[in-house]
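Colleague: The following comprises the amino acid sequence and a computationally predicted model.
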Amino acid sequence: MSHEPRQSDVLVVGGGLVGASLALALGRAGLDVAIVEAHPFRINEQPNYDERSIALAQGSQRIFTGMGIWDALQKEVCPIHTIHVSDRGHFGFTRLKREQEGVEALGYVASARLLGNTLIRALEQTSVQLLAPARLESFQTDGDRVQAVLNHEGKSVEHTARLLVAADGVQSRVREQLAIDTHQWDYGQTAVIANVTPDQPHKQVAYERFTDTGPMALLPLNDNHCSLVWTLRADQVDEVMGLEDTEFLSRLQARFGYRLGRFTRVGTRHAYPLQLLRAKQSTAQRLALIGNAVHTLHPIAGQGFNLGLRDVAALAEVVIDAQRRGGDIGDVDVLRRYADWRQTDQRRVVAFTDTMVRLFGQSLTPVVGLRDAGMLALDLCPPAKHWFGRLTMGRAGRLPRLARGLAL
């Protein structure tokens, strides 16, 4: 054990996109922050920052604006001007347009690598301690501090902080060490993800098409590429992943149709099993959970990362406000404000995504007829469509300063 314990105001466990975003927000607001990350924290070397495409809600764009990094992202992301939702083989559809919502874009599409590299560059301009490669071995609360033991570059070191934040994903070791109960559901589905190229312009339209094996999304990318998220039953995955590119594209064409013409190319494919996870509490003594450590969603409607980023915005605000008042940033009342603030949004989005998966997984004729009629009604009812748009754009409810595009 090292005899030179390190310390910080906040220790963030997990340097993925959500954890790095929180560290940057708090670091730029003046707190002493450290990140513990198992992988090297260098440009193009963080495996969490890969070529997967992420749909950024319009509210997430505001958060990155408030954090001061949107200008670095804006030229590289692809805007979404229209969202087209349909039910394959049935009559139901609805559309959202940016003009109807009075925004420049309903959202944006960016690669995880772009987001990650931008966060790393911004963090390198702050005093945030990047402890990587490093792992959290254990921790305990001792009065007004959290005493953590880290394995950093092969050495065991102590680190103390006033607040520990778990941003370590769906298999959160922090959550497990605290024995926080979770509600989990295996959807029996897997998302096959790849970039594809159509022979017609996508015109900044994002497509969400419901099929009998699960939803299929095509998100617009620059250079007229599209990011594909194709949900399959678990028993179909091996066959589809093993197809030659031409046969894969033929299957995709049959499922999606010809709204984008013919698909001509497909990139590397990846498969991710899908599940729902919701932790039954998001705080403990001097500890807060954010992102996938507290909620992991089905990718339907692209809400997962955006929900985690709103966790970041709310937690950063209550922590910074406590610091400016001269209070204890890890105090139970501070963390209760975070948990209470996030509870409604988390429950609403979890219920929304889970209900959509289950509703569109039904093949009973009366259910199909009702859901398609509901989609058409939504398309024809501006107030309902506006409510739906605000929900998907991350603009519903009481918004933190960052989510309004304001600095902390």
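Modeller: Alright, I've got the coordinates.

Colleague: Neighbours of Q140, how many?
Modeller: Neighbour count of Q140, defined by other C-beta atoms under 10 Å: 12. (Each C-beta comes from the backbone N, C-alpha and C, glycine too.)

Colleague: scratch that, L249
Modeller: 18.

Colleague: same check, this time on Q285
Modeller: For Q285, using other C-beta under 10 Å, the count is 12.

Colleague: Show me the longest strand that occurs in this structure.
Modeller: strand 182-198 (DSSP state E).

Colleague: The helix or strand just after that strand packs against which elements?
Modeller: Sequence-wise, the next helix or strand downstream of strand 182-198 (DSSP states H and E) is strand 205-211. Packing contacts for strand 205-211, counted by 3 or more C-beta pairs under 8 Å, 6 or more residues apart in numbering; DSSP states H and E, involve strand 82-87, strand 214-220, helix 245-256.

Colleague: Using a markdown table, lay out these together with mean pLDDT and distance to V350.
Modeller: A markdown table is the format used below for these (pLDDT from 0 to 100; distance: least, C-beta to C-beta, whole Å):
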| stretch | mean pLDDT | distance to V350 |
| --- | --- | --- |
| strand 82-87 | 86 | 20 |
| strand 214-220 | 92 | 16 |
| helix 245-256 | 95 | 27 |
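
Colleague: Deepest-packed of these, please.
Modeller: strand 214-220 (a mean of 24; mean count of other C-beta atoms under 10 Å).

Colleague: Restrict it to CA atoms and write it as CSV.
Modeller: The C-alpha trace of strand 214-220 is given here as CSV (Å, rounded to 0.1, in the frame of the first residue of the first chain):
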residue,chain,number,x,y,z
GLY,A,214,-37.9,-5.6,-32.5
PRO,A,215,-37.3,-2.0,-33.6
MET,A,216,-34.9,-1.1,-36.4
ALA,A,217,-33.3,2.4,-36.4
LEU,A,218,-31.4,4.1,-39.2
LEU,A,219,-29.8,7.3,-38.1
PRO,A,220,-28.2,9.9,-40.5
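
Colleague: May I have the strands that pair with it, each with its orientation?
Modeller: Here strand 214-220 is paired, per DSSP bridges, with strand 205-211 (antiparallel), strand 226-233 (antiparallel).

Colleague: thinking again about what came up before, if you count neighbours, what's buried in the longest strand of the chain?
Modeller: T182, Y187, Q189, T190, A191, V192, I193, A194, N195, V196, T197, P198 (16 or more other C-beta atoms under 10 Å).

Colleague: Quick check: end-to-end length of stretch 84-99?
Modeller: Using C-alpha to C-alpha, to the nearest Å, one end of stretch 84-99 lies 14 Å from the other.

Colleague: in it, what counts as buried?
Modeller: Buried, per 16+ other C-beta under 10 Å, within stretch 84-99: H84, V85, S86, D87, R88, G92, T94, L96, R98.

Colleague: Which two of the residues you listed have the greatest separation?
Modeller: Farthest apart among the buried residues of stretch 84-99 by C-beta to C-beta are R88 and R98. That separation is 25.0 Å.

Colleague: The longest helix along the chain versus strand 82-87: what angle between them?
Modeller: Ranked by residue count and defined by DSSP state H, the top helix of the chain is helix 332-359. Counting by axes from the mean of the first three to the mean of the last three C-alpha atoms, to 10 degrees, helix 332-359 lies at 50 degrees to strand 82-87.

Colleague: which secondary element of this protein has the worst mean pLDDT?
Modeller: One helix or strand of the chain scores below all others by mean pLDDT, DSSP states H and E: helix 365-380, with a mean of 66.

Colleague: Show me what the helix or strand following it is packed up against.
Modeller: For helix 365-380, the following helix or strand on the C-terminal side (DSSP H and E) is helix 382-392. With contacts taken as 3+ C-beta pairs under 8 Å, 6+ apart, helix 382-392 sits against strand 93-97, helix 98-101, helix 332-359, helix 365-380.

Colleague: List the contacts of helix 382-392.
Modeller: Residues from elsewhere that reach helix 382-392 (C-beta atoms under 8 Å, 6 or more residues apart in numbering): 57, 83, 94, 96, 100-101, 106-107, 301, 303, 348-349, 352, 377-379, 396.

Colleague: Any idea which of the helices and strands packed on strand 205-211 gets closest to L17?
Modeller: Once the helices and strands packed on strand 205-211 are compared by C-beta to C-beta, strand 214-220 is nearest, at 16.7 Å.

Colleague: from memory A279 sits against I180, does it?
Modeller: Yes: at 5.4 Å, A279 and I180 qualify as touching, with contact defined as C-beta atoms under 8 Å.
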